[in-house]
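**Student:** dropping the sequence and predicted coords here.
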Amino acid sequence: MMIHTLSTQINKIILLEINMSENIKKEIENRRTFAIISHPDAGKTTLTEKFLLYGGAINTAGSVKGKANSKYAVSDWMDIEKERGISVTSSALQFQYDGYCINILDTPGHQDFSEDTYRTLMAADSAVMVIDASKGVEAQTIKLFKVCVMRHIPIFTFINKMDLEARDPYELLEEIENVLGIKTCPMNWPIGSGKQFKGVYDRGTKKISMFQAVSVGGAKSAAETTYDIEDVAFQQEIGEDLYEQLAEDVELLDGASEPFDQELVDKGELSPVFFGSALTTFGVETFLEHFLKMTESPLPRMSDAGLINPVEEEFSGFIFKIQANMNKAHHDRIAFMRICSGKFDATKDIYHVQSGRKMKLSRPQQIMAQDRKVIDEAYAGDVMGVFDPGVFSIGDTICMPGKKFAYEGIPTFAPEHFCRLVALDSMKRKQFMKGVTQIAQEGAIQIFQDYNLEMSEIIVGVVGVLQFDVLKYRMENEYGCDVRLDPLPYTHIRWVKDPATDLNSLKCPSDTKKVKDMKGNPLILFSNEWSIRMTLERNEGLEFEEFWKN
């Protein structure tokens, strides 16, 4: 009898574990995690907010360029973002839609904040590329697209602002293919543009969604009416000329455009293209529905122990972003973590690989820009925030005790602009050092000191000059330190490949400066490319790196 009872209990435990495993698998399979990229002003943040509206995460969309008394975009939460009407830091946003749990990573479009975007793309499984229909492929789009290609992630294209004057759609597709080097497959097709924009034709369903701008509470929206392409009422609605043009376009697309191929989409070699208007919400929900069907749940990630399966492995993740002072009242630091495998359980200890410490993650949170909700659990694909007591760095791996592996590092890109940062009040040296160190740990800036001195001047390097404005603003408003930024004549920086190299033994031109980064790695600042070549020629065997992996 005892043996039978024991056997029954064991079977119950096994059944419970199987059910738990199936639940975890189902949760992970329902996850979608993607980044939204674009050139500034293409409508990326507006599109993000319309997704949130459809998911019920927010009730009213903010305007990125609002008037003084208007609501700001929910993903633009810093004061400086609200003042300037641009995104300067990435935001993580989570919402539910049609049975899916969606994690959106909204990135800065401005090139001066591109390094934040590069890191954020490391946490995404796919990308949505927003293109302004009147401008086509712009400079920053090219840069960000190349990062996506480097990671071989699926790229979906939303050609925005069709309700305004737009370029020929064939031209836009050709430009995407020629400039970005990716094949395109239009999933729908616009009927006219600007004032003549009548709607879009869905190539899959062969149905027409008619566009009509309407005003709702001071904002424009769109009323959609669905027609069959053969419907006489539709033909009368758009007129003979536009109908004939549409018929020609449909015939040409069916005969000459790239066929849809899910395998090529998954490899990042074919981009499904959609036309619409984020501001008026036209085509947004259709795009979202198609996108969710075409994207995959979280995929295995490479580590130094090989690929880590998101479903079969226990909890693990990596830190891709650190943000200080999201809550000004508490001067807190939040580490953004992409969960790569398994289920996170807030009651269990985790292992921080880089420090070798076992710990509990403090106050794990679901992020909605600056709004947060404490959570007990999360799954592979989710992005969550955890309180950082000062132990985390960008690129760090978190896993379960007993599992010791590290995910691939996140590249630190070489800054192109340099300043000397000077504290105007010497009595606030402690606050000054705390502020500049914390902002540097976020990855927004890089700080260097003289190679030979411990307590030397602080040199700041940034990818784009607007980061200097953000640094000064934050030092004064978040840390209470007035600072001055003195420009330096350097334009290039190189890490020395062998970190054991003694810079004092190197022969360098007079217009160079020998420095070290926060981790003591040796670097050299150069005024021009000639100085780089000259240094390499004078020091046989010396090798440089243009970026460094954390």
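**Tutor:** That came through, no problem.

**Student:** quick one: the helices in the protein?
**Tutor:** 2-29, 44-54, 79-84, 114-121, 139-151, 169-180, 232-238, 240-256, 262-266, 284-294, 429-441, 466-478, 529-538 (DSSP state H).

**Student:** mind checking how far the shortest one is from the chain centre?
**Tutor:** Its chain's C-alpha centre and that of helix 262-266 lie 21 Å apart, by CA atoms, centre = their mean, to the nearest Å.

**Student:** going by mean pLDDT, which of the helices of the chain comes out lowest?
**Tutor:** The weakest mean pLDDT among the helices of the chain belongs to helix 79-84, with a mean of 45.

**Student:** can you put the helices of the chain in CSV and add mean neighbour count and distance to K343?
**Tutor:** Quick note: C-beta positions are derived from backbone N, CA and C, even for glycine. Putting these into CSV (neighbours: other CB atoms under 10 Å; distance: least, CB to CB, whole Å) gives the following:
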stretch, mean neighbour count, distance to K343
helix 2-29, 11, 5
helix 44-54, 25, 25
helix 79-84, 16, 34
helix 114-121, 24, 23
helix 139-151, 17, 25
helix 169-180, 17, 37
helix 232-238, 15, 49
helix 240-256, 13, 44
helix 262-266, 15, 25
helix 284-294, 18, 22
helix 429-441, 18, 28
helix 466-478, 19, 35
helix 529-538, 14, 48
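
**Student:** looking at the ones you listed, which is closest to G199?
**Tutor:** Closest approach to G199 among the helices of the chain is made by helix 232-238 (8.0 Å; CB to CB).

**Student:** which elements pack onto that closest one?
**Tutor:** Packing contacts for helix 232-238, counted by 3 or more CB pairs under 8 Å, 6 or more residues apart in numbering; DSSP states H and E, involve strand 207-216, strand 219-228, helix 240-256.

**Student:** which of these sits closest to Q323?
**Tutor:** Closest to Q323 of those is strand 219-228 (CB to CB; 29.8 Å).

**Student:** hang on, the earlier thing: how about the helices of the chain in JSON lines, adding distance to V374?
**Tutor:** JSON lines is the format used below for the helices of the chain (distance: least, CB to CB, whole Å):
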{"stretch": "helix 2-29", "distance to V374": "19"}
{"stretch": "helix 44-54", "distance to V374": "20"}
{"stretch": "helix 79-84", "distance to V374": "25"}
{"stretch": "helix 114-121", "distance to V374": "23"}
{"stretch": "helix 139-151", "distance to V374": "31"}
{"stretch": "helix 169-180", "distance to V374": "41"}
{"stretch": "helix 232-238", "distance to V374": "51"}
{"stretch": "helix 240-256", "distance to V374": "50"}
{"stretch": "helix 262-266", "distance to V374": "35"}
{"stretch": "helix 284-294", "distance to V374": "27"}
{"stretch": "helix 429-441", "distance to V374": "23"}
{"stretch": "helix 466-478", "distance to V374": "23"}
{"stretch": "helix 529-538", "distance to V374": "49"}
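
**Student:** looking at these, which is nearest to T205?
**Tutor:** helix 284-294 (9.7 Å).

**Student:** can you give me the strands in the stretch 451-550 of the chain?
**Tutor:** Assigned by DSSP state E, counting those that start in this stretch, the stretch 451-550 of the chain shows strands spanning 458-462, 483-487, 492-496, 512-516, 522-526, 544-545, 547-549.

**Student:** hmm, I was thinking of the stretch 51-200 of the chain
**Tutor:** Here the stretch 51-200 of the chain has its strands, by DSSP E, counting those that start in this stretch, at 91-97, 100-106, 126-132, 155-160, 183-186, 188-191, 199-202.

**Student:** packing partners of the first one?
**Tutor:** When you say that, I think you mean strand 91-97. Applying 3+ CB pairs under 8 Å, 6+ apart, one finds that strand 91-97 makes contact with helix 44-54, strand 100-106, strand 365-368, strand 383-387.

**Student:** give me the mean pLDDT for that strand.
**Tutor:** On average, strand 91-97 scores 82.

**Student:** now that strand against helix 284-294, angle please.
**Tutor:** In terms of direction (axes from the mean of the first three to the mean of the last three CA atoms, to 10 degrees), strand 91-97 departs from helix 284-294 by 90 degrees.

**Student:** with only the CA atoms kept, save strand 91-97 in CSV.
**Tutor:** Taking C-alpha atoms only, strand 91-97 is exported to CSV below (Å, rounded to 0.1, in the frame of the first residue of the first chain):
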residue,chain,number,x,y,z
SER,A,91,12.3,52.9,-24.1
ALA,A,92,11.0,49.4,-23.3
LEU,A,93,7.2,48.9,-23.5
GLN,A,94,5.2,45.8,-23.0
PHE,A,95,1.5,45.1,-23.8
GLN,A,96,-0.9,42.3,-24.7
TYR,A,97,-2.6,41.9,-28.1
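
**Student:** may I see the buried residues of that strand?
**Tutor:** S91, A92, L93, Q94, F95, Y97 (16 or more other CB atoms under 10 Å).

**Student:** can you redo those residues as CSV with distance to E442?
**Tutor:** Below are those laid out as CSV (distance: CB to CB, whole Å):
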residue, distance to E442
S91, 14
A92, 14
L93, 19
Q94, 21
F95, 25
Y97, 30
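
**Student:** so in the chain, where's the weakest helix or strand by average pLDDT?
**Tutor:** helix 79-84 (a mean of 45; mean pLDDT, DSSP states H and E).

**Student:** how about the strands of the stretch 51-200 of the chain, which one is nearest I375?
**Tutor:** I375 sits nearest to strand 91-97 of all the strands of the stretch 51-200 of the chain, at 9.9 Å, using CB to CB.

**Student:** how distant is that closest one from the center of its chain?
**Tutor:** Computed by CA atoms, centre = their mean, the chain-centroid distance of strand 91-97 equals 13 Å.

**Student:** out of the helices of the chain, nearest to G385?
**Tutor:** Of the helices of the chain, nearest to G385 by CB to CB is helix 114-121, at 13.7 Å.

**Student:** what's the distance between the residue most central in space within the chain and I28?
**Tutor:** Using CA atoms, centre = their mean, the residue of the chain that lies closest to the mean C-alpha position is T120, 3.7 Å off. According to CB to CB, to the nearest Å, T120 and I28 sit 21 Å apart.

**Student:** neighbours around Y451, how many?
**Tutor:** Residues within reach of Y451, counting by other CB atoms under 10 Å, total 17.

**Student:** thinking the residue nearest to the centre of the chain is in contact with Q323, fair?
**Tutor:** No - assessed by CB atoms under 8 Å, T120 is found out of contact with Q323, at 11.7 Å.

**Student:** residue ranges in the chain under the pLDDT threshold?
**Tutor:** Residue ranges of the chain with pLDDT under 70: 1-20, 57-91, 107-116, 214-224, 324-331, 368-371, 411, 413, 455, 547-550.

**Student:** look up phi and psi at D511.
**Tutor:** In terms of degrees, to the nearest 10, the main-chain angles of D511 are phi -90, psi 30.

**Student:** mind checking which of the helices of the chain is nearest E314?
**Tutor:** Once the helices of the chain are compared by CB to CB, helix 2-29 is nearest, at 10.0 Å.

**Student:** can you pull the contacts of L279?
**Tutor:** By CB atoms under 8 Å, 6 or more residues apart in numbering, the contact set of L279 is G43, T46, K161, D163, K220.

**Student:** out of these, which are buried?
**Tutor:** Buried, going by 16+ other CB under 10 Å: G43, T46, K161, D163, out of the contacts of L279.

**Student:** in PDB, list the C-alpha atoms belonging to stretch 118-127.
**Tutor:** Written as PDB, here are the backbone C-alpha positions of stretch 118-127 (Å, rounded to 0.1, in the frame of the first residue of the first chain):
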ATOM      1  CA  TYR A 118      22.900  49.600 -31.400                       C
ATOM      2  CA  ARG A 119      22.800  48.100 -27.900                       C
ATOM      3  CA  THR A 120      19.000  47.900 -27.900                       C
ATOM      4  CA  LEU A 121      19.000  46.000 -31.200                       C
ATOM      5  CA  MET A 122      21.000  43.300 -29.500                       C
ATOM      6  CA  ALA A 123      18.000  42.600 -27.300                       C
ATOM      7  CA  ALA A 124      15.500  42.400 -30.200                       C
ATOM      8  CA  ASP A 125      14.400  39.400 -32.200                       C
ATOM      9  CA  SER A 126      13.200  41.400 -35.200                       C
ATOM     10  CA  ALA A 127      13.000  45.000 -36.300                       C
END
